[in-house]
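Chemist: what's the 3D shape of this:
(one chain, ligands or ions: 1)
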Amino acid sequence: MSDAQMPLAHPFDDDKLKEECGIFGVVGVADAANFVALGLHALQHRGQEAGGIVSYAPEHGFNSARRFGYVRDNFTSQKLMETLPGALSIGHVRYSTAGSKGQTQMRDVQPFFGEFSMGGAAIAHNGNITNAEALRRELIDRGSIFQSSSDSECIIHLMARSLQRNIPERMEDALRRVEGAFSVVAMTRTKLIGVRDPLGVRPLVLGRIGDGWALSSETCALDIIGAEYVREIEPGEMVVITAEHGVESVRPFRPRKPRFCIFEHVYFSRPDSIIGSRSVYETRRQIGVELAREAPVDADLVCPVPDSGTPAAIGFAFESGIPYGMGIIRNQYMGRTFIEPTEQIRNMGVRLKLNVNRALIKGKRVILVDDSVVRGTTSRKIKDMILDAGAAEVHFRIASPPTAWPCFYGVDTPQREKLLAATMSETEMRDHLGVDSLRFISLDGLYRAVGEASGRDADCPQYCDACFSGEYPVEPSDMLEKGFQMKAAE
Ligand code: SF4
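Modeler: Predicted coordinates:
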């Protein structure tokens, strides 16, 4: 297996929640697959293990390519891209989602394809289907033959069983059976289709490129292809787009109050993306402002844990008046150097990726701003590095509330017992990390930072915040069957 084909491991990045997929589609533009490859490249932060592209051209039919590894290492080859002709194309980047977690196999790499009596269709899914195991059992009992271990394949089989006469209607039928979080980009021979689940948990946006259209998980991927951001696909909306007739919108689901993933604001989305007309960068900066108001501390220096803690650290420094500095420097070129590290290199851990700026840190009382604490392993190592460099004090300020519950909606989270905040109070976590102080932004503070002036509506939260609150907007039925204990009603 060549380097470019090898599944990528992230041995030093296992202490973050990981978004599991990015999706992108284009219609009405020549060589659409090239635009999809660029879009996927901009969405690479949402999944690095594998990617796939499907295209359609009337004279060549459907074509597809799936590869392990980064988009830039695969979908930049002219030879490969020439096999994906046509003005209609969709693509997917993946971290391992439901299915073979941590060990993606080629059969799990999307887009998935199905041949129906009225023609073929390809689909790419971001999110997680919470009743996938029950659906899979039912479908297999009725004769479906699954090709992958992915929850997303259920959608294709449900479409195959639908009696509707066209593909968008079959997709509506299928998605009405599905519970959980889904943003879907799909294509037929003539149509680009985008759908968001009724709660709108995962993002999906619409863009205009020349005479064509694009669908993307995030606006940053529209920017890279020079597309103009038009709007978000609404929660519960399906758009069916053709080059000739433009965008048609339908509402296949019973309307519900939206519950967009609040963690997209904190960490998953790129800071140069726009969510709900708000800049992600500005929201993160505002989180730092709120954090400085809620949890002030006397100190000499505010440092981000790069890169995701940077906007919040800038906001914290601004609000507190404490100088901002790059006390930790990230090695940008770590990525592919040690794909299979030796034990000796593995033990060097976080030092391979982050280094301390000793000249800045020495003798100072340092506030470290990070986006989240998951297992706490990386936070401890960073604290050690800062103290080794001669810092007088270390104070952690965290730009999200304590992550005490797993996510079942398309984000890779450790089991509940492995989450530091599930087993320890804030004081216990402070002692465990060995820092002088530790504070997390409150849930209300986070809601204020994302634009909800009065904070979180306790009776009817405006976002999904289940990994902080334990209040799941969609019952994770497969997990309950496996013995997962929901939070007891208060
Ligand atoms: S549980 Fe957390 S990470 Fe998952 S969708 Fe809800 S807010 Fe986002």
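Chemist: give me the number of residues near Leu352?
Modeler: 16 (other CB atoms under 10 Å). All C-beta atoms are positioned from the backbone trio N, CA, C, and that covers glycine.
Chemist: Walking through the stretch 1-150 of the chain, point out its strands one by one.
Modeler: 18-19, 21-27, 50-57, 61-68, 88-94, 112-116, 119-129 (DSSP state E, counting those that start in this stretch).
Chemist: Nearest to Ser217, out of those?
Modeler: strand 21-27 (4.6 Å; CB to CB).
Chemist: What pairs with that closest one, parallel or antiparallel?
Modeler: Strand 21-27 has these partner strands in its sheet, going by DSSP bridges: strand 88-94 (antiparallel), strand 212-216 (antiparallel).
Chemist: between that strand and strand 119-129, how many degrees?
Modeler: Counting by axes from the mean of the first three to the mean of the last three CA atoms, to 10 degrees, strand 21-27 lies at 150 degrees to strand 119-129.
Chemist: list the contacts for the residue in the stretch 51-200 of the chain that the ligand sits nearest to?
Modeler: Proximity of the stretch 51-200 of the chain to the ligand (CB to the nearest ligand atom) peaks at Ala181, 6.3 Å away. Ala181 makes contact with 127-128, 130, 197, 199, 201-202, 261, 409-410, 474, according to CB atoms under 8 Å, 6 or more residues apart in numbering.
Chemist: now do Glu153
Modeler: Counting by CB under 8 Å, 6+ apart, Glu153 has contacts 112, 146-147.
Chemist: quick one on the thing from earlier: can I assume the residue of the stretch 51-200 of the chain closest to the ligand sits in a strand?
Modeler: Yes - assigned with DSSP: H, G, I helix; E, B strand; the rest coil, Ala181 falls within a strand.
Chemist: Could you report the pLDDT at it?
Modeler: Predicted confidence (pLDDT) for Ala181: 95.
Chemist: just to revisit the earlier point, please, a ChimeraX command that selects the buried ones among the contacts of Ala181?
Modeler: Buried residues among those (16 or more other CB atoms under 10 Å), as a ChimeraX selection:
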select :127,128,130,197,199,201,202,261,409,410,474
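Chemist: so what strands line up beside the strand or helix carrying Tyr229?
Modeler: Using DSSP states H and E, the element containing Tyr229 is strand 228-232. Strand 228-232 has the following strand partners under DSSP bridges: strand 205-209 (antiparallel).
Chemist: send the alpha carbons of the partner strand over as CSV?
Modeler: The C-alpha trace of strand 205-209 is given here as CSV (Å, rounded to 0.1, in the frame of the first residue of the first chain):
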residue,chain,number,x,y,z
VAL,A,205,-25.3,25.5,2.9
LEU,A,206,-26.2,26.5,-0.6
GLY,A,207,-24.0,28.4,-3.0
ARG,A,208,-24.1,29.8,-6.5
ILE,A,209,-21.2,29.3,-8.9
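Chemist: That one: how far from the chain's middle?
Modeler: 19 Å (CA atoms, centre = their mean, to the nearest Å).
Chemist: can I get the strands of the stretch 1-150 of the chain in TSV with mean pLDDT?
Modeler: What follows is these, written out as TSV (pLDDT from 0 to 100):
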stretch	mean pLDDT
strand 18-19	68
strand 21-27	97
strand 50-57	97
strand 61-68	97
strand 88-94	97
strand 112-116	95
strand 119-129	96
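Chemist: Low-confidence regions, this structure specifically.
Modeler: 1-14, 19, 96-103, 333-349, 490 (pLDDT under 70).
Chemist: Those residues of it touching the ligand, which are they?
Modeler: 201, 261-263, 407, 409, 411, 464-467 (CB under 6 Å from any ligand atom).
Chemist: just to revisit the earlier point, what's in contact with the strand holding Tyr229?
Modeler: 203-209, 219, 222, 274, 276.
Chemist: Then stretch 300-314?
Modeler: Contacts for stretch 300-314 (CB under 8 Å, 6+ apart): 16, 267, 271, 281-282, 284-285, 287-288, 291, 316-317, 320, 322-330, 354, 360-361, 364-371, 382, 392, 397, 399.
Chemist: Which of those residues fall in helices?
Modeler: 281-282, 284-285, 287-288, 291, 316-317, 320, 360-361, 382 (DSSP state H).
Chemist: Spatially, which two of the residues you listed are the most separated?
Modeler: Across the ones in helices among the contacts of stretch 300-314 (CB to CB), the longest gap, 28.2 Å, separates Glu282 and Ile361.
Chemist: Look up how far the ligand lies from Val394.
Modeler: Distance of Val394 to the ligand, given as CB to the nearest ligand atom, to the nearest Å: 27 Å.
Chemist: unless I'm mixing things up, Asp371 is touching Pro401, no?
Modeler: No - checked against CB atoms under 8 Å, the pair Asp371 and Pro401 is beyond contact range at 11.5 Å.
Chemist: Between the two, which has more neighbouring residues?
Modeler: Asp371 (24 against 21).
Chemist: quick one: contacts for that one?
Modeler: By CB under 8 Å, 6+ apart, the contact list for Asp371 reads 16, 266-267, 305, 308-309, 312, 398-400.
Chemist: residues in contact with the residue nearest to Ala292 when sequence neighbours are not counted?
Modeler: In space, and not counting its chain neighbours, Ala292 is closest to Glu319: 3.7 Å by CB to CB, 6 or more residues apart in numbering. Neighbouring residues of Glu319 by CB under 8 Å, 6+ apart: 288-289, 292-293.
Chemist: can you give me the strands in the stretch 251-400 of the chain?
Modeler: With DSSP E, counting those that start in this stretch as the criterion, the stretch 251-400 of the chain has strands spanning 260-261, 274-275, 278-279, 301-304, 328-330, 354-356, 365-370, 393-398.
Chemist: any idea how this protein splits into domains?
Modeler: Here the chain is described, according to automatic domain parsing, as comprising the domains 3-258, 281-450.
Chemist: can you redo those as a markdown table with distance to Met479?
Modeler: Shown next, in a markdown table, are those (distance: least, CB to CB, whole Å):
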| stretch | distance to Met479 |
| --- | --- |
| domain 3-258 | 7 |
| domain 281-450 | 6 |
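Chemist: Could you say which of those is packed most deeply?
Modeler: Most buried of these by mean neighbour count (mean count of other CB atoms under 10 Å) is domain 3-258; its value is a mean of 21.
Chemist: And for Gly276, the neighbour number?
Modeler: For Gly276, using other CB under 10 Å, the count is 14.
Chemist: pretty sure it contacts Ile262?
Modeler: No - counting by CB under 8 Å, Gly276 does not reach Ile262; the two are 11.3 Å apart.
Chemist: what about stretch 224-237, start to end distance?
Modeler: 25 Å (CA to CA, to the nearest Å).
Chemist: swap that for stretch 447-455, sorry
Modeler: Terminal residues of stretch 447-455 are spaced 5 Å apart (CA to CA).
Chemist: from the chain's centre, how far out does that stretch sit?
Modeler: 22 Å.
Chemist: The nearest residue in space to Val350 that is not next to it in sequence and the ligand, how far apart?
Modeler: Spatial nearest neighbour of Val350, chain neighbours left out: Lys381 (4.4 Å); criterion: CB to CB, 6+ apart. The spacing between Lys381 and the ligand, counted by CB to the nearest ligand atom, is 24 Å.
Chemist: And Ser216, by the same measure?
Modeler: In terms of CB to the nearest ligand atom, Ser216 sits 19 Å off from the ligand.
Chemist: For that residue, list the residues it contacts.
Modeler: 23-25, 39, 43, 204-205, 207, 222 are the contacts of Ser216 under CB under 8 Å, 6+ apart.
Chemist: make it 10 Å
Modeler: Going by CB atoms under 10 Å, 6 or more residues apart in numbering, Ser216 touches 22-26, 36, 39-40, 42-43, 183, 185, 194, 203-207, 222-225, 227, 229, 233, 273.
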